[in-house]
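>>> Quick one: sequence plus predicted model below, questions after.
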Amino acid sequence: RSAGPWSGAAAPPDAAGCREIAVVPLKGEQSNTSLLLGGRLIAKSFRRPRPGANPDFEIAHFLTTRTGFPHTPGLAGWLELQAQGEESTTIALLQPFVENSGDGWSHALAGLEALANVLVGEPPPAHAEAGEHRLRELGSELLDDLRTLGTVTGELHVALATADAPPAFRPEPITEADIA
């Protein structure tokens with residue numbers, strides 16, 4: 001039973017369709033409760049909703065509806081609680097499920113550890129250029145991944161800084177307090 005109106009791009013689920021979907025609770029979430037629905041969607045319920053739009057919703061909604069940024073799962077729907085006379089509160093999101101193999105930080109550390117394990121068994125290079133060549137040879141896949149991450153991160157910032165972005169997403173000038 002929904003706690004508010006069904007909103008967003010996805011049609012509201014019907015009772016018969018809901019009975020046919022396999023629901024699997026996901027482990028590892030710290031601040032939310034997430035359910036995998038039919039292996040295709042993820043429903044995320046916010047354990048501590050606060051009045052207003054949840055940042056996860058705001059960003060997903062903006063990127064899905066107002067930019068062409070393709071590197072996020074998008075937004076299939078959301079639930080809001082609207083108490084009479086009060087600001088609406090985002091209480092859940094529904095997004096396409098994207099299979100992954102972990103987080104970028106763990107991936108980078110594993111790549112660096114593998115590189116170090118290979119290099120520890122080798123004699124030191126005769127000169128700096130040989131060492132740099134060997135690092136590029138052994139670490140090229142990790143360097144490509146890091147380059148891709150940097151490119152996608154830059155594209156995300158460009159998408160968030162579009163001219164019609166909500167005020168919370170607009171770039172702000174750097175002040176003395178920011179660099180102190």
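Done, it's in. Numbering: from 1, shown residues only.
>>> got the contact list for the longest strand along the chain?
In the chain, assigned by DSSP state E, the strand with the most residues is strand 89-96. With contacts defined as CB atoms under 8 Å, 6 or more residues apart in numbering, strand 89-96 is touched by 3-4, 8, 10, 37, 40-46, 49-54, 56-57, 60, 73-82. For the C-beta atoms, the positions are set from N, CA and C on the backbone; glycine is no exception.
>>> Narrow those residues to those that are buried.
For the contacts of strand 89-96, a neighbour count by 16 or more other CB atoms under 10 Å gives the buried set as 4, 8, 37, 41-44, 46, 49, 53-54, 56-57, 60, 75-81.
>>> for the chain, what spans make up the helices?
Counting by DSSP state H, the segments of the chain that form helices are 15-19, 55-66, 104-120, 128-160, 176-179.
>>> Most tightly packed of those?
Ranked by mean neighbour count under mean count of other CB atoms under 10 Å, the helices of the chain are led by helix 55-66, which reaches a mean of 17.
>>> Please put the alpha-carbon coordinates of that one into PDB.
Backbone C-alpha positions of helix 55-66 (Å, rounded to 0.1, in the frame of the first residue of the first chain) are rendered in PDB as follows:
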ATOM      1  CA  PRO A  55      18.900  14.600  -2.700                       C
ATOM      2  CA  ASP A  56      18.900  11.100  -4.300                       C
ATOM      3  CA  PHE A  57      15.600  12.000  -5.900                       C
ATOM      4  CA  GLU A  58      16.500  15.500  -6.900                       C
ATOM      5  CA  ILE A  59      19.600  14.400  -8.700                       C
ATOM      6  CA  ALA A  60      18.100  11.400 -10.400                       C
ATOM      7  CA  HIS A  61      15.000  13.400 -11.400                       C
ATOM      8  CA  PHE A  62      17.100  16.200 -12.800                       C
ATOM      9  CA  LEU A  63      19.500  13.900 -14.700                       C
ATOM     10  CA  THR A  64      16.600  11.800 -16.100                       C
ATOM     11  CA  THR A  65      14.200  14.600 -17.100                       C
ATOM     12  CA  ARG A  66      16.500  17.500 -18.000                       C
END
